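A.B. asks: sequence unknown, structure follows:
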């Protein structure tokens, strides 16, 4: 019997308790031993639960209990989660977390402590909810040089974009619906401004390339500026707008960003609808692989946490070789050097004149026509060029587009 | 430094040697030690290769070499692969194989020997080529009761069906094209008759439910009877024909089969085109997850093999808890008890009469109309019923359909 503690009995923590209880037999068979929840830390009490007697408000009773070998952290946020996780690792307990904010900010330090203490620090649930992605990336694809990772990493924004594409909603209505259905918070900025996706691509980048990437190093753009006209223009060029976190290797450095991107409809990422997430990995041997499923929610996230708990139980005395080095200031390429083709949309009374000025300012461009567009709109797709080159071109033009959308 | 041997320098074996050489630095970082190919067994010699001096035709030089800790088997077929793998495990070497025929026939016995010898027997490459699927299923989803697994497990037949759907080809032309492109063998029966997919669903079923399933226990139907008319009728009801291997738990037993199935177009499996494979897993916590990528080919398959080699290198002294029990005669439900809805197509001069006879013989049915159908065709979809019930109904009717296709 292996004793487990859970820090935080919110949506995910209660799901973890539920899965450990409901699937106890299967889990014991897979782990090679039974897993028993001994303590749950929460400031609230839950007198009606069958396991009401497990609750404590005192972290010390957990960290000082030598019988507890595995601690699950599902509190979220940086503090006190960071302090608790660090304390548990330092006394030789393995820790499993679903907390992407913690891993994106402190993953390198916590992995380093886990290595020193010869225990495991696992966080499959921090990216893609229930989708197995971190373990496949670090283990199954260990024979590959990873060329790129690109994913739909936030279910809330993918739900909203799906409604905007399929039902013609504008951003405000899609947000209101997401809030009404409980997919978006009252303050939706972590989702709609891309910060949640940013933390997740930082974790994927660190695993893929062995070096920590801090969220503040990553250019991050959300979906709040996307309009129904953008959706229609995307459709006109056979593409769909998705909020994508992506990372690519560039020599010894990486290119990493979060941004709405125009995805070709025949790319599987374009087919990922509603709250589903998907991550596409390109390796130099395997080619393209894709992982798809529910990126959030109580039981899907608990599934990933419990998978890690089983792994930790199987490896109580052997550390799994999961590790990455600390980050560095110049490791992530400046956003000005990120290169892509871009869809630009202008309002003008003289399209022909603007078109020829555009050609001399930004070089080769392709004009895009969209059936429902107003007559004073000019839309073009540029060649692949860096953000900086495009900025310079637009400065020469002396005019800014009403919309600027990158192509995958 | 860890010494590795490769048995069989064919498509996959040469890919493994190539990946181990080309990605040596990344692999050493991931494995925590460098991996060096010491011997390659093949009856042929390859004098022009940079590693020509590694070849041997004598298996004993490998099995007796105590320095070789990991053996890769990429010969294919049952013999001598089985004998060689068993001999290597028995002297305490870990074995990694891509050989689905071997794992489907002898997996339980070889896992049992590996357990006794405290070594690892790994076979990620045996299902889905480069797609990480076996490790995610057994590790990441270890907290779930697996409800079902369904997959497009054979790239050759998926390529052929894609051509039949997208280009209107018939079976013969699609097969000829697949052979011309090197996707299908001159004798294509292992692919088109479903035997290859059957071996793979047996391996997935054994991993998901902990008990060996032998290919001869699984009802297996290929795609050679699929006609352009079937493709058009599928389209008429918003579905696509795919060759699917699937397994579901039914109490203490399982339902398992390989068959062409009509997949709704909004199911991601319907979007999996050409030689790509995909496996969909439903767990009681995670819901639906899907794994997608190249199911065959030199480097994708080598990617999966090398991922296992890295894992074996990390676990030279600790056996991974991968195991399933031997099978039993009554474990797989009889095909007569498999239940689904079915699309039936008849030729008749009197549709109205046949329709009312059908209704009394097989119960509630929905009539399907297809724009390009000939006027003497009647197509209907039945309610969900067992194969046996449908067979009995058709016997009462006294008439067999020209086509009978199951719905997912």
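C.D. replies: That came in fine, so what should we check first? Because the structure is a prediction, the values reported are computed rather than measured.

A.B. asks: please count neighbours and contacts with C-alpha atoms only from this point.
C.D. replies: OK.

A.B. asks: who touches residue A:291 in this structure?
C.D. replies: A:131, A:132, A:133, A:278, A:279, A:280, B:289, B:290, B:291, B:292 (C-alpha atoms under 8 Å, 6 or more residues apart in numbering or on different chains).

A.B. asks: I'd like the residues you listed as CSV, with pLDDT and secondary structure appended.
C.D. replies: Output for the contacts of residue A:291, formatted as CSV (pLDDT from 0 to 100; DSSP: H, G, I helix; E, B strand; the rest coil):
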residue, pLDDT, secondary structure
A:131, 95, coil
A:132, 94, coil
A:133, 95, coil
A:278, 97, strand
A:279, 97, strand
A:280, 97, strand
B:289, 96, strand
B:290, 96, strand
B:291, 96, strand
B:292, 96, strand
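
A.B. asks: now do the spatially most central residue of chain A against residue A:260, distance only.
C.D. replies: Of all residues in chain A, the one closest to the mean position by C-alpha atoms, centre = their mean is residue A:200, 3.1 Å from it. Taking C-alpha to C-alpha, to the nearest Å as the measure, residue A:200 falls 15 Å from residue A:260.

A.B. asks: buried stuff in the host helix or strand of residue A:395?
C.D. replies: In this assignment (DSSP states H and E), residue A:395 forms part of helix A:387-397. Under the neighbour-count criterion of 16 or more other C-alpha atoms under 10 Å in any protein chain shown, helix A:387-397 has A:387, A:389, A:390, A:393, A:394, A:397 buried.

A.B. asks: pLDDT at the fourth one, what is it?
C.D. replies: Just to be clear, that refers to residue A:393. Residue A:393 is assigned 97 on the pLDDT scale.

A.B. asks: any idea how far it lies from residue A:366?
C.D. replies: Distance, residue A:393 to residue A:366, using C-alpha to C-alpha: 16 Å.

A.B. asks: make TSV out of the contacts of residue A:291 and add distance to residue A:116.
C.D. replies: Shown next, in TSV, are these (distance: C-alpha to C-alpha, whole Å):
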residue	distance to residue A:116
A:131	29
A:132	27
A:133	26
A:278	34
A:279	31
A:280	33
B:289	35
B:290	36
B:291	34
B:292	37
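
A.B. asks: just the residues you listed now: which is nearest residue A:270?
C.D. replies: residue A:278 (10.0 Å; C-alpha to C-alpha).

A.B. asks: ok, the closest residue to the closest one other than its chain neighbours - how many residues close by?
C.D. replies: Spatial nearest neighbour of residue A:278, excluding adjacent residues (C-alpha to C-alpha, 6 or more residues apart in numbering or on different chains): residue A:292 at 4.3 Å. Look at residue A:292: counted by other C-alpha atoms under 10 Å in any protein chain shown, it has 27 neighbours.

A.B. asks: surely residue A:292 meets residue A:279?
C.D. replies: Yes. The criterion here is C-alpha atoms under 8 Å, and residue A:292 meets it with residue A:279 at 6.7 Å.

A.B. asks: from the buried residues of helix A:387-397, which two are the most distant?
C.D. replies: Using C-alpha to C-alpha, the buried residues of helix A:387-397 span at most 15.1 Å, a distance reached by A:387 and A:397.

A.B. asks: about what we covered before: what's the helix holding residue A:395 in contact with?
C.D. replies: Counting by C-alpha under 8 Å, 6+ apart, A:335, A:336, A:337, A:338, A:339, A:340, A:357, A:358, A:361, A:362, A:400 sit against helix A:387-397.

A.B. asks: direction included, what does the next helix or strand after that helix pair up with?
C.D. replies: Where DSSP H and E defines the elements, the next helix or strand beyond helix A:387-397 is strand A:403-407. Partners of strand A:403-407 in the sheet, by DSSP bridges, are strand A:253-264 (parallel), strand A:342-347 (antiparallel).

A.B. asks: the longest one: how far from the chain's middle?
C.D. replies: Going back to what we said before, that points to strand A:253-264. Relative to its chain's centre, strand A:253-264 lies at 12 Å (C-alpha atoms, centre = their mean, to the nearest Å).

A.B. asks: now the shortest one
C.D. replies: Here strand A:342-347 is found 28 Å from its chain centre; the criterion is C-alpha atoms, centre = their mean.

A.B. asks: the first helix or strand past it going along the chain relative to strand A:342-347, how many degrees between them?
C.D. replies: Using DSSP H and E, the helix or strand that follows strand A:342-347 in sequence is helix A:351-362. Angle, helix A:351-362 to strand A:342-347, by axes from the mean of the first three to the mean of the last three C-alpha atoms, to 10 degrees: 140 degrees.

A.B. asks: from chain B, how far off is the closest residue to residue A:196 other than its chain neighbours?
C.D. replies: Residue nearest to residue A:196 in three dimensions, not counting chain neighbours: residue A:190, with 5.5 Å by C-alpha to C-alpha, 6+ apart. Counting by C-alpha to the nearest C-alpha, to the nearest Å, the gap from residue A:190 to chain B is 24 Å.

A.B. asks: so where does residue A:190 fall, helix or strand?
C.D. replies: Assigned by DSSP H and E, residue A:190 falls in helix A:189-192.

A.B. asks: whatever helix or strand comes next after that helix - contacts with which helices or strands?
C.D. replies: Remark: after helix A:189-192, the chain's next helix or strand is helix A:195-209, criterion DSSP H and E. Applying 3 or more C-alpha pairs under 8 Å, 6 or more residues apart in numbering or on different chains; DSSP states H and E, we find helix A:195-209 packed against helix A:100-117, strand A:146-152, helix A:189-192, strand A:239-250, strand A:253-264.

A.B. asks: and the fourth one, what's buried?
C.D. replies: To tie it back to what came earlier, the one meant is strand A:239-250. A:239, A:240, A:241, A:242, A:243, A:244, A:245, A:246, A:247, A:248, A:249.

A.B. asks: chain B: which of these is nearest?
C.D. replies: Within the buried residues of strand A:239-250, the smallest distance to chain B is 13.4 Å, found for residue A:249 (C-alpha to the nearest C-alpha).

A.B. asks: what does the stretch 201-350 of chain A have sitting close to chain B?
C.D. replies: Residues of the stretch 201-350 of chain A lying near chain B by C-alpha under 8 Å from any C-alpha of the partner chain: A:268, A:271, A:285-294, A:299-304, A:306-308, A:310-311, A:314, A:321.

A.B. asks: which of those residues fall in strands?
C.D. replies: Within those, residues falling in strands by DSSP state E are A:287, A:288, A:289, A:290, A:291, A:292, A:293, A:294.

A.B. asks: now the residues you listed as a markdown table including distance to residue B:51?
C.D. replies: What follows is these, written out as a markdown table (distance: C-alpha to C-alpha, whole Å):
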| residue | distance to residue B:51 |
| --- | --- |
| A:287 | 25 |
| A:288 | 29 |
| A:289 | 30 |
| A:290 | 34 |
| A:291 | 36 |
| A:292 | 40 |
| A:293 | 43 |
| A:294 | 46 |
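
A.B. asks: identify the residues contacting the residue of the stretch 101-250 of chain A found nearest chain B.
C.D. replies: Closest contact between the stretch 101-250 of chain A and chain B, by C-alpha to the nearest C-alpha, is at residue A:140 (4.6 Å). Applying C-alpha under 8 Å, 6+ apart, one finds that residue A:140 lies in contact with B:132, B:135, B:303, B:304, B:307, B:308.

A.B. asks: need the max-distance pair from the residues you listed.
C.D. replies: Pairwise distances across the contacts of residue A:140 peak at 13.7 Å for B:135 and B:303 (criterion: C-alpha to C-alpha).

A.B. asks: looking at the two now, which is surrounded by more residues?
C.D. replies: With neighbours defined as other C-alpha under 10 Å, residue B:135 and residue B:303 compare such that residue B:303 has more, 32 against 21.

A.B. asks: just checking, that one touches residue A:143?
C.D. replies: Yes. Using C-alpha under 8 Å, residue B:303 is in contact with residue A:143, at 5.7 Å.

A.B. asks: identify the contacts common to these two.
C.D. replies: A:285, B:19.

A.B. asks: run through the stretch 251-400 of chain A and note the low-pLDDT ranges.
C.D. replies: Applying pLDDT under 70 to the stretch 251-400 of chain A flags no residue at all.
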